[in-house]
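Peer 1: What follows is a predicted protein model with its sequence.
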Amino acid sequence: MNQSMPIYMRAITAIHPGAGQDTGIVDMPIQREITTGIPKIEASGLKGCFRELFTEEEQNILFGKSDNAGIIGLTDARLLFFPVKSARGIFALITCPFVIERYLEEVEENTEDKMNLFVRTLNEKINFINNNQCYILTNTLSINEKFVMLDEYTFDSKTLDIRCIEEFNNIIPYIEKIAIISDDNFIDFVSNCTEIVTRNKIGESGTASDKGLFTVEYLPQESILYTIAICFKSIDKEYKNDNEKIKDTYCFNNVLIKKIKGNKIQIGGNRTLGKGFLRILSGEEK
């Protein structure tokens, strides 16, 4: 049976996983799911970023090479929490029932990490009645303990009774800012509240070109995404160290997780502009 495990990522800068096509509104849009319009990062781009964290030998075994397939597969990175402006608490991390239910469908129930337990706890507590409703975890986002104002929209707030929230405090930065809104409202926010930057074209001389401006879309800083890593098989390799024979198994626990946990990856270009950096969260701690 193949092993699978979620890997969580936090955008520590704005990121531009480019779609490679012009939508007519933005010159350089981000990647989005064709059916929902929710931002994503394609697995092929993630795979290349993860490869950079490993030695050449580990790269060939885990991710493959020209004449041999690797033992690790990745799914497209999906959005779990999306940051939007808030009248209280500076910003909120929003999600919705659809995103939560899809996460629970993709991540195995027996996955042993606190993020999985936390999302399942959220799912058990929410019960939407209308689009004007917003669930929050604490009063950080609340106005007079009655309302939440996200961007320019106001919602009736309802605080979830999660008594054990303290044990989840370390799995997501700013967990107190989480807000769950309806599916329709979530789609509106992820469609209209990304970051759009206007830039000058640079000519061959290294100075601004006279051919005009172009716009670039970014997924905002503090976005939380997840991908599913799938281990198709484990490979044992024996070697000697200080005259002792050692067996190393290339699988999740002793190679993949040790290397990526807490590390940063860069995706989507714009490295020299300080863009595109993600930090890998463990699902257990910051």
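Peer 2: Arrived safely, thanks for sending. Residues are numbered from 1 along each chain as shown.
Peer 1: mind listing the helices for the chain?
Peer 2: 43-51, 56-63, 97-106, 114-125, 183-192, 257-260 (DSSP state H).
Peer 1: mind putting those in JSON lines, mean pLDDT and distance to Arg279 included?
Peer 2: Heads up, the C-betas are built off the backbone N, CA and C, glycines and all. Output for those, formatted as JSON lines (pLDDT from 0 to 100; distance: least, C-beta to C-beta, whole Å):
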{"stretch": "helix 43-51", "mean pLDDT": "90", "distance to Arg279": "12"}
{"stretch": "helix 56-63", "mean pLDDT": "83", "distance to Arg279": "20"}
{"stretch": "helix 97-106", "mean pLDDT": "95", "distance to Arg279": "19"}
{"stretch": "helix 114-125", "mean pLDDT": "89", "distance to Arg279": "14"}
{"stretch": "helix 183-192", "mean pLDDT": "96", "distance to Arg279": "21"}
{"stretch": "helix 257-260", "mean pLDDT": "78", "distance to Arg279": "10"}
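Peer 1: centroid residue for the chain?
Peer 2: Leu225 (1.4 Å; C-alpha atoms, centre = their mean).
Peer 1: Wait, it touches Pro83, no?
Peer 2: No - contact between Leu225 and Pro83 fails when scored by C-beta atoms under 8 Å: they sit 11.9 Å apart.
Peer 1: before we move on, the earlier item: which residues touch the residue nearest to the centre of the chain?
Peer 2: By C-beta atoms under 8 Å, 6 or more residues apart in numbering, the contact set of Leu225 is Tyr8, Met9, Ala11, Lys40, Ile41, Ala77, Arg78, Leu79, Leu80, Leu278.
Peer 1: and the fourth one, what does it touch?
Peer 2: Taking C-beta under 8 Å, 6+ apart as the criterion, Lys40 is in contact with Pro17, Gln31, Arg32, Glu33, Asp76, Ala77, Arg78, Leu79, Leu225.
Peer 1: ok, Tyr135 to Glu222 distance?
Peer 2: 19 Å (C-beta to C-beta, to the nearest Å).
Peer 1: Show me the one of the helices of the chain that comes nearest Gln266.
Peer 2: helix 43-51 (6.6 Å; C-beta to C-beta).
Peer 1: Just want the angle from the closest one to helix 56-63.
Peer 2: Angle, helix 43-51 to helix 56-63, by axes from the mean of the first three to the mean of the last three C-alpha atoms, to 10 degrees: 150 degrees.
Peer 1: contacts for helix 43-51?
Peer 2: Helix 43-51 is touched from outside by 17, 59, 62-63, 73-77, 227, 260, 265-268, 278, with contacts defined as C-beta under 8 Å, 6+ apart.
Peer 1: and it, C-alpha only, in CSV?
Peer 2: Output of helix 43-51 as CSV, limited to C-alpha atoms (Å, rounded to 0.1, in the frame of the first residue of the first chain):
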residue,chain,number,x,y,z
ALA,A,43,2.8,19.7,-8.7
SER,A,44,5.4,20.0,-11.4
GLY,A,45,6.6,23.3,-10.1
LEU,A,46,6.6,22.1,-6.5
LYS,A,47,8.6,19.0,-7.3
GLY,A,48,11.4,21.1,-8.8
CYS,A,49,11.4,23.3,-5.7
PHE,A,50,11.6,20.4,-3.3
ARG,A,51,14.4,18.8,-5.3
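Peer 1: hmm, back to that, how about CSV for the helices of the chain, with distance to Ile90 added?
Peer 2: Listed next are these as CSV, based on distance: least, C-beta to C-beta, whole Å:
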stretch, distance to Ile90
helix 43-51, 29
helix 56-63, 38
helix 97-106, 22
helix 114-125, 22
helix 183-192, 16
helix 257-260, 29
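Peer 1: which one of the ones you listed lies closest to Leu160?
Peer 2: With respect to Leu160, and counting by C-beta to C-beta, the nearest of the helices of the chain is helix 114-125 at 4.6 Å.
Peer 1: Run through the stretch 1-150 of the chain and note the low-pLDDT ranges.
Peer 2: Residue ranges of the stretch 1-150 of the chain with pLDDT under 70: 1-2, 20-24, 110-111.
Peer 1: try the stretch 151-286 of the chain
Peer 2: In the stretch 151-286 of the chain, residues with pLDDT under 70: 163-167, 201-211, 234-255, 282-286.
Peer 1: For it, which segments count as strands?
Peer 2: Per DSSP state E, counting those that start in this stretch, the stretch 151-286 of the chain carries strands over the ranges 153-159, 178-180, 195-202, 208-218, 224-231, 235-241, 244-250, 264-266, 277-281.
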